[in-house]
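Participant: Dropping a prediction and its sequence here:
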Amino acid sequence: MSEPSSTLTVDPKLLEMLVCPLTKGPLVYDRARQELISEKARLAYPIRDGIPIMLVDEARALDDPPAEPAGSRA
Amino acid sequence: MSGLSQAFTPLFDKAALGAHRARAAAGLGRHDFLFREAADRLADRLLDCKRRFPLALDLSSRGGILAQVLDGRGGIELLVESDAAPPLATRPGGLRVIADDELLPFAPHSFDLALSVLGLHWVNDLPGTLLQMRRVLKPDGLLLVSLLGGETLTELRQVLLAAEAEIEGGASPRVSPFARLVDAAALLQRAGFALPVADTERIIVTYPDALALMRDLRGMGESNAQADRRKNFTRRATLLRAASLYQERFAEATGRIRATFEILTLTGWSPHESQPKPLKRGSAQVSLAAALTSAGGPGDAGGAGTP
């Protein structure tokens, strides 16, 4: 089984155990946008290359307009 | 910073720490001997334990050094690696998360084992981090972490202080304050771990000179990230003076200098009914006086020495 490099997805086992680091509340997986959404914190945590970035500083505020996809790599 | 406002000034500058780790990541393989050694020692402790830990967490995983040395120890089937800096390349196997050690993104009772190799000396709130680690453990789950302790880099701390005072007429924090063994044991208890144990060991490393030591620390991603460190470059004269003081005070017969690394290892169990614990005060069924007389008097009670 070779891994397609561009379509890395998050392991479902990992998704199951992740919560919002701030509120410890549940997250909703937005597959299309590759984000984990915390309704309670009003934040969307990005997933890059299949790796969830659970940092508050990197999260998008839900009330802000969504950033253009694939544009924000440091 | 969105959302989090801190009333106190944090000890460590997390952005600087992240930058140091990211900068070190590419060449870490040349500077990771201490992490490898500590990871190997930590993994060895799992052999002392008859239990198996199918689901484990590694905090401050630094590109997966622990995962590489584990070699089946502890019966770990799935290791979730968490670090504040993104990994350089994706390796097969293992699950990775980018997270702050102080804001864990894991649901309660997720893991059988929580590990961390030489990372937690960088957290601002060690009690809070340990508490969060306990919460993500299943009941009767094991915490097994190592972090740098108070004697670490004591030589470097002394010579930098002396050199800076001598050349620049003042001193600034250069080497992190590290937790001491006594504090560590108390913290484990405070975080609610059962059967808490903290112990310490020292690793002495020798280098050609102090500048080589400083280069190595930088290569490890462990350079100064204290919030109130001096942000400008250290003067060359100060560094050279520190190096020469180091040579004077801490050289071995071979001319190489010694650097101490103290490794604190903390273990504790997430509480569970099956664990031994003291009885509730006042719950005794027999009076102490009766217990002493039935044991045959104070002379024999201890039973020490007489076969």
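Facilitator: Cool, the structure landed. Residues are numbered from 1 along each chain as shown, chains lettered A, B, ... in the order given.
Participant: what's the residue nearest to residue A:28 when sequence neighbours are not counted in contact with, if anything?
Facilitator: The shortest distance from residue A:28 to any non-neighbouring residue, by Cβ to Cβ, 6 or more residues apart in numbering or on different chains, is to residue A:37 (4.5 Å). To be clear about C-beta, it is placed using only N, CA and C from the backbone, and glycine gets the same treatment. Applying Cβ atoms under 8 Å, 6 or more residues apart in numbering or on different chains to residue A:37 gives the contacts A:27-30, A:43-45, A:62.
Participant: just checking, what packs against the host helix or strand of residue B:238?
Facilitator: Here residue B:238 sits within helix B:236-250, counting by DSSP states H and E. Applying 3 or more Cβ pairs under 8 Å, 6 or more residues apart in numbering or on different chains; DSSP states H and E, we find helix B:236-250 packed against helix B:154-168, helix B:210-219, strand B:257-269.
Participant: among those, which is nearest residue B:108?
Facilitator: strand B:257-269 (15.8 Å; Cβ to Cβ).
Participant: I'd like the average pLDDT over that closest one.
Facilitator: Taken as a whole, strand B:257-269 has a mean pLDDT of 96.
Participant: which parts of that strand are buried?
Facilitator: B:257, B:259-269 (16 or more other Cβ atoms under 10 Å in any protein chain shown).
Participant: circling back to that earlier point, make TSV out of the helices and strands packed on helix B:236-250 and add distance to chain A.
Facilitator: Supplementary listing: the helices and strands packed on helix B:236-250 in TSV, determined by distance: least, Cβ to the nearest Cβ, whole Å:
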stretch	distance to chain A
helix B:154-168	31
helix B:210-219	21
strand B:257-269	20
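Participant: and those as TSV, adding distance to residue A:57?
Facilitator: Putting the helices and strands packed on helix B:236-250 into TSV (distance: least, Cβ to Cβ, whole Å) gives the following:
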stretch	distance to residue A:57
helix B:154-168	31
helix B:210-219	24
strand B:257-269	28
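Participant: which residues sit against stretch B:243-263?
Facilitator: B:34, B:38, B:41, B:118, B:146-156, B:158-159, B:162-163, B:178, B:200-211, B:213.
Participant: Only alpha carbons, please: show the lengthiest strand in chain A as PDB.
Facilitator: Secondary structure of chain A per DSSP state E: the longest strand is strand A:43-48. Once non-C-alpha atoms are left out, strand A:43-48 reads as follows in PDB (Å, rounded to 0.1, in the frame of the first residue of the first chain):
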ATOM      1  CA  LEU A  43     -12.300  28.200  16.200                       C
ATOM      2  CA  ALA A  44     -11.400  26.000  13.300                       C
ATOM      3  CA  TYR A  45      -8.100  24.100  13.600                       C
ATOM      4  CA  PRO A  46      -6.400  23.300  10.300                       C
ATOM      5  CA  ILE A  47      -5.200  19.900   9.200                       C
ATOM      6  CA  ARG A  48      -2.000  20.100   7.100                       C
END
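Participant: quick revisit: need the contacts of residue A:37 in TSV (columns: neighbour count and pLDDT).
Facilitator: Formatted as TSV, those follow (neighbours: other Cβ atoms under 10 Å in any protein chain shown; pLDDT from 0 to 100):
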residue	neighbour count	pLDDT
A:27	25	96
A:28	10	96
A:29	16	95
A:30	12	93
A:43	24	96
A:44	23	96
A:45	26	96
A:62	14	90
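Participant: Closest one of those residues to residue B:223?
Facilitator: For the contacts of residue A:37, with residue B:223 as the reference and Cβ to Cβ as the criterion, the closest is residue A:45, at 28.7 Å.
Participant: Return the set of residues that bridge with the closest one.
Facilitator: residue A:36 (DSSP bridges).
Participant: what sits against it?
Facilitator: Residues near residue A:45 by Cβ under 8 Å, 6+ apart: A:20, A:27, A:35-38, A:52-55, A:58-59, B:105.
Participant: of the residues you listed, buried ones?
Facilitator: For those, a burial check counting by 16+ other Cβ under 10 Å picks out A:20, A:27, A:35-38, A:52-55, A:59, B:105.
Participant: and the nearest residue to residue B:46 once chain neighbours are set aside, how far is that from residue B:130?
Facilitator: Spatially, and ignoring its direct neighbours in sequence, residue B:46 is nearest to residue B:74 (3.4 Å; Cβ to Cβ, 6+ apart). From residue B:74 across to residue B:130, the span is 20 Å (Cβ to Cβ, to the nearest Å).
Participant: who in chain A is up against chain B?
Facilitator: Neighbours of chain B within chain A, by Cβ under 8 Å from any Cβ of the partner chain: A:3, A:8, A:11, A:13-14, A:16-22, A:24, A:41, A:43, A:45, A:48-59, A:61.
Participant: Now stretch B:219-227: average pLDDT?
Facilitator: 88.
Participant: Show me what counts as buried in that stretch.
Facilitator: Applying a neighbour-count criterion of 16+ other Cβ under 10 Å, one finds B:219-226 buried in stretch B:219-227.
Participant: out of those residues, who's nearest chain A?
Facilitator: Nearest to chain A among the buried residues of stretch B:219-227 is residue B:225, at 15.9 Å by Cβ to the nearest Cβ.
Participant: how close does that closest one sit to residue B:217?
Facilitator: Taking Cβ to Cβ, one finds residue B:225 at 11 Å from residue B:217.
Participant: Same check on residue B:104?
Facilitator: 27 Å.
Participant: of the two, who's got more company?
Facilitator: residue B:104 (24 against 20; other Cβ atoms under 10 Å in any protein chain shown).
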